[in-house]
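[1] no sequence on hand, only this structure:
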């Protein structure tokens, strides 16, 4: 009997101001993603292209390296480290599955790559999902448009397991952005 090995999951992003109040984020739909990726146009506010929400949630995009690293970690082969570091960026990828790094990784204003708190949670069967959670508190202004999971804590290095791009999330001094990344095999 052969079993298919597939990594899947979701990424959830939420933003709060210094008082802890949720800040609305633009949750683009498929048409909005198409316009942003193909035309380079971010159509925030137009209901045809998405909606405002308290958080963003979307399926993971697992990179080719991510599939190889997952298989290598399971079978104790290769030189992959634990994939527990989350990085934010200000760019976008044309082909996220073949990408190995963020287009423009953030290293300033409190938005640098950070080790997430990793835990096992239950989606279908006990402990079948890895959950990574990290909250950044910003010290300046940024327009965040991408995030990824890496096996290195050093900026612009390591293997990228998963990648997400989204409409710009504009953060200012003292804002807190939380990323909850879940993946399961």
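    Perfect, I can see it now. These figures come from a predicted structure and were not determined experimentally.
[2] the longest strand belonging to the chain: what's the following helix or strand?
    Using DSSP state E, we find that the single longest strand of the chain is strand 160-171. The helix or strand immediately downstream of strand 160-171 is strand 176-184, counting by DSSP states H and E.
[3] partners of that next one in the sheet?
    Applying DSSP bridges to the sheet, strand 176-184 is found paired with strand 8-16 (antiparallel), strand 129-137 (antiparallel).
[4] and the most centrally placed residue in the chain, how far is that from residue 75?
    In the chain, the C-alpha nearest the mean C-alpha coordinate belongs to residue 147, at 3.8 Å (CA atoms, centre = their mean). Here residue 147 is placed at a distance of 28 Å from residue 75 (CB to CB, to the nearest Å). (C-beta placed from N, C-alpha, C; glycine too.)
[5] whichever helix in the chain runs longest to strand 160-171, inter-axis angle?
    The residue-count maximum for a helix in the chain (DSSP state H) belongs to helix 64-74. Between helix 64-74 and strand 160-171, the angle comes out at 130 degrees (axes from the mean of the first three to the mean of the last three CA atoms, to 10 degrees).
[6] buried residues, stretch 41-55. List them.
    Buried positions in stretch 41-55, judged by neighbour count with 16 or more other CB atoms under 10 Å: 42, 43, 44, 49, 50.
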